[in-house]
Every structure is written in structure tokens, then in C-alpha cells.
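> Quick one, structure for this:
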Amino acid sequence: MQEQVTALKQKAPAGAAPPHSVLRRTLTGVGLIATFGTLLYLDHRFRNGVGIHLSGGLELEDALVKGGAIVALAGAVLVAWALYEYARVAAGLGVALSGPLLAAGGVVLFLLQWAGWLFRHGGLLIIPPWLRDPGLTALVALCGVSLAILAQRAVAGRIEKSAEAAGLAVLGLLYIAVTLGFLNAIRTSSWGLKGLMTCVAVCKVTDIGAYYAGTFLRGWQLAPVVSPNKTVAGAVGGTLAAALVGVVLSLLRGSILTPLQGLLYGLLAGPVCIVGDLAESVLKRQAAVKDTVVLDLVDGLLFGVPFSYFFFLAVQ
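Next comes the predicted model:
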């Protein structure tokens, strides 16, 4: 069996993904779709008033459940995992960041943004005034992180790489926690689950379409220095796949987009997500870090989710 795989690799074009890599990517995609679909189903059930009871018969707070608690908790897990991997990237750049502390800070920032978006969209009116603006919350948190890192290093007498540590920590929180926080902005708004499904489906199908088009069509490299395996054919295939899914979703009952808007959304979101993928490749290549799990999963979303939020605002 090993000889067969080796022979197939030798016959494959330069830079082409081996067959087992394609199979692994396919199985991973199916698993992610199943997981995401389950989360959306649970969120939909909760939003429509299906009670979930804790021990003693206590029902979960409707405002939290209907305000996207399932999505917020799942997003918090993604943020924590991605930031933990980001700390490995920082280490590759010669800057030591605490993965657990960075992940914990990102989760807090992500959930605070959720609280702000939930209040802004009328879902939870008991949020204290100082947490009601998600943008201000993010800004204060980012400032706090940078000052805390500098203060800790000053007290410890650590001079080397202090500016880099503060800068990379803030970049990580901005790059991952704040951008993914726009998932909460979409989920808690009037677009709700439909907007969230549209955003995630179009962004992820860009990645899937680009992967398969690039794997089987090959052709000119898109960014040979940054990511040698990405091709122009892959970028075109990913964008066309995004446009197709955008149109298909716009035809569903209760869609938040018209077919023309769905087409335009896919044609724009596709390149945005591809740039997000390349941006992550820049960081990983500079840090000489090859394999990450969640960062590779969400790289397109990190650019695509904020873009989607503002696109939806523009066309409403």
C-alpha cells in the first residue's frame, strides 16, 4: 500500500496534493459541515422556544438562548484554540506568549463583544452600560492587554522583545477574537441564523472550491512566495463556487439577499476570503510553522466575516 501511495505521489504534478491529502480534506470538510449543521439545528430549536431544563427544572434564560448562546460558546472555543495556535506562531517569530493566557483573554473579549451586540439588537437589556458598545469594549480590551504585558515585563525586568510581545498579542486578539466577534453581530441581528448560514457557507465554500480547483486544474501559481500550492485556477474556482452558493441561498425561503445581491456577495466575498487565507500563510511562513488546525479552518472567515457584516448592512 505504501508503495502505491509513493508511486502516485511521483506521478502527480509538481505541487499537486497527493490522493490521501484530498481524501483527508474531504472527510474533514464533511465532518465540519455536520458539526456546523448540528449547531445551527440546536440554535434554531432554542430560538423557537424549545425549553432546555437544568437539574431541578430550571429553564435556561430565553434572552441568552434566543440571542445565540450556542453560537457564542462554539465561537469562543474556536477563538481559544486559534489563539493557542497563534502563540505557536509568535514563538516561531522569537516572541514568547502564553498560549493559555492569550486564549483566555480572547474568549473574554469575544464574549464581551457578544454581550454588546446582544444589547444593541435588543436581546438582553440588563447588560451594564459599560459593556453595551462592542467596538468600545474591544478597543479598551486591546489597550488593556498591551499595557498589562508592558507592565508585567517592567516589573519582571524583562526588556528584550517587550514591544514585540505587546504588539503580537494585540495583533492576535484583533486578528482572531475581534474579527470572529462579528459572527455574534450577524447572529444577534435581524439576519439571525439565515445571515450566519449565508456568511459561513459562502466563506467556507470559497476555501473548498479553491482547494479542489487548484488541486485538479493546477496552472499558474497565485502567490508562489507566500503559498506555492495556491493557483489562479483555484482562486477563480473558489470565487465561482462562492457566487453559486450565494445565488442558491438567495433563492431559499426567507433569504436575506436577493439573487443579484447573492451573486455580488459571492463574487466579492470569495476574493476577500482568499486574501485571508494568504494572510495567514504569510504569518505561518515567516514563523516557519507548517501545520495548524483551527487557524487553517478559520483563516478565510477572519477576513470574510467582518466583510459579510458590512456587506449585509450596505444592501439592506
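> Number of residues surrounding residue 180?
Residue 180 has 22 neighbouring residues, counting by other Cβ atoms under 10 Å. C-beta coordinates here come from the backbone N, C-alpha and C atoms, glycine included.
> helices or strands up against the helix or strand hosting residue 74?
Following DSSP states H and E, one finds residue 74 within helix 69-92. For helix 69-92, the helices and strands in contact under the criterion 3 or more Cβ pairs under 8 Å, 6 or more residues apart in numbering; DSSP states H and E are helix 19-47, helix 99-120, helix 162-172, helix 179-180, helix 182-188, helix 259-287, helix 294-315.
> Report the contact partners of residue 254.
Counting by Cβ atoms under 8 Å, 6 or more residues apart in numbering, residue 254 touches residue 194.
> do you know how far it is from residue 184?
For residue 254, the distance to residue 184 equals 21 Å [Cβ to Cβ, to the nearest Å].
> do the same with residue 258
Distance from residue 258 to residue 184, by Cβ to Cβ: 25 Å.
> Those two: which has the busier surroundings?
The neighbour comparison of residue 258 against residue 184 (other Cβ under 10 Å) goes to residue 184, with 28 against 13.
> Which residues lie in contact with that one in this structure?
So residue 184 contacts 68, 71-72, 75, 110, 113-114, 117-118, 134 (Cβ under 8 Å, 6+ apart).
> Include neighbour count and distance to residue 89 when you put those into CSV, please.
Listed next are the contacts of residue 184 as CSV, based on neighbours: other Cβ atoms under 10 Å; distance: Cβ to Cβ, whole Å:
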residue, neighbour count, distance to residue 89
68, 28, 29
71, 22, 26
72, 23, 25
75, 25, 20
110, 27, 19
113, 27, 23
114, 29, 25
117, 28, 28
118, 27, 31
134, 24, 26
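> JSON lines for those residues, including pLDDT and distance to residue 249?
Formatted as JSON lines, the contacts of residue 184 follow (pLDDT from 0 to 100; distance: Cβ to Cβ, whole Å):
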{"residue": "68", "pLDDT": "79", "distance to residue 249": "19"}
{"residue": "71", "pLDDT": "86", "distance to residue 249": "18"}
{"residue": "72", "pLDDT": "90", "distance to residue 249": "23"}
{"residue": "75", "pLDDT": "92", "distance to residue 249": "21"}
{"residue": "110", "pLDDT": "95", "distance to residue 249": "26"}
{"residue": "113", "pLDDT": "91", "distance to residue 249": "25"}
{"residue": "114", "pLDDT": "91", "distance to residue 249": "24"}
{"residue": "117", "pLDDT": "89", "distance to residue 249": "22"}
{"residue": "118", "pLDDT": "83", "distance to residue 249": "25"}
{"residue": "134", "pLDDT": "87", "distance to residue 249": "26"}
